[in-house]
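J.: Have a look; sequence and predicted model below, questions after that.
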Amino acid sequence: MGVLNVTPDSFSDGGSFSRPEKAIAHAMQLEAEGADIIDIGGESTRPGAMPVSLEEEARRVLSIIEQLSKKTALPISIDTKKAEIAQKAIEAGATIINDVGGINGDSNMIAVAARNKKTGIIFMHAKGTPQNMQQNPHYKNLLKEIRLFFIDKIALAHEHKISNNRIALDPGIGFGKTVQHNLRILHRVHYFQDLGLPIMLGPSRKSFIGHILGLPASDRIEGTAAAIAISVLQGAKILRVHDVKEMKRVVTIAEAIRKEAVFQL
């Protein structure tokens, strides 16, 4: 999943693709580099980010989704917390809802997913809001609490007649998690596998990598590569990344090792 942030303030690439022509060009580059999904977001969820209005988020993403859907056959996901944005994005051409609202999300989001029967939905776990989620996040049992969140969301989806083949789960690296929490999730992705649904992870350029290596977001590619390789070995099925070309290579090797693939020499 290639990241396309059309925001002025995202933690890694804020402002880089806020002009529609640059956004479209970057999306096409992500496809050329091997992306399987393009994930478009119009509201930053970095720690400390302030919310934007529905109107502003719509202005940022809808035209780009509409234009991009005519240029690519790749699935487009809308990274949003707002059900109304999700609905409008689907009407513009998106086919996946990347629900980053987590526990404090929009309760109407499930109805949007239910109403649009060919649309996938990714349930991401988050604790708190971008304004407060990194202010000493605490869990009695991190993995159990995330698992219970997933179980609750799966049950809610089933109540709305949303089948498992439309659902993926994201533990929410960096969303109300300390460095230690993030490392534990990456080390124990297999803990969620018996839920029987694809697990998505988004460690790309995240602050836990910067904390460990002492590097800015622009210089975290090797740290991201290590996290992505571990994610593959632990069973993650969708990797949300900024550096598609490089991470596609990492995934290819990690997947070959995981499968003990046989190659003709």
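T.: Everything's here; your move. Computed from a prediction, not measured in an experiment: that's the story for all the values here. Numbering: from 1, shown residues only.
J.: Determine the set of other helices and strands touching whichever strand or helix holds residue 123.
T.: Assessed by DSSP states H and E, residue 123 sits inside strand 120-124. Strand 120-124 sits against strand 96-99, helix 109-115, helix 142-159, strand 167-170, with contacts defined as 3 or more Cβ pairs under 8 Å, 6 or more residues apart in numbering; DSSP states H and E. Every C-beta, even on glycine, is put in place using the N, C-alpha and C of the backbone.
J.: which residue packs closest to residue 222, ignoring adjacent ones?
T.: residue 213 (8.0 Å; Cβ to Cβ, 6 or more residues apart in numbering).
J.: What is the neighbour count of that neighbour?
T.: Other residues within reach of residue 213, judged by other Cβ atoms under 10 Å, total 13.
J.: May I have the predicted confidence score for it?
T.: Per-residue pLDDT puts residue 213 at 98.
J.: now do residue 264
T.: Taking residue 264 on its own, its pLDDT is 64.
J.: thinking again about what came up before, most neighbours per residue, which of the helices and strands packed on strand 120-124?
T.: By mean neighbour count, with neighbours taken as mean count of other Cβ atoms under 10 Å, strand 96-99 ranks first of the helices and strands packed on strand 120-124 at a mean of 26.
J.: can you list contacts of that one?
T.: 37, 39, 41, 75-81, 86, 89-90, 105, 109, 112-113, 119-124, 170 (Cβ atoms under 8 Å, 6 or more residues apart in numbering).
J.: could you check the angle helix 142-159 makes with the strand holding residue 123?
T.: 150 degrees (axes from the mean of the first three to the mean of the last three Cα atoms, to 10 degrees).
J.: Pull the contacting residues for the nearest residue to residue 109 once chain neighbours are set aside.
T.: Residue nearest to residue 109 in three dimensions, not counting chain neighbours: residue 83, with 4.5 Å by Cβ to Cβ, 6+ apart. Residues near residue 83 by Cβ under 8 Å, 6+ apart: 106, 107, 108, 109, 111, 112.
J.: Also residue 70?
T.: Contacts of residue 70 (Cβ under 8 Å, 6+ apart): residue 93.
J.: ok, now how distant is it from residue 140?
T.: 49 Å (Cβ to Cβ, to the nearest Å).
J.: swap in residue 37?
T.: From residue 37 to residue 140 the distance is 34 Å (Cβ to Cβ).
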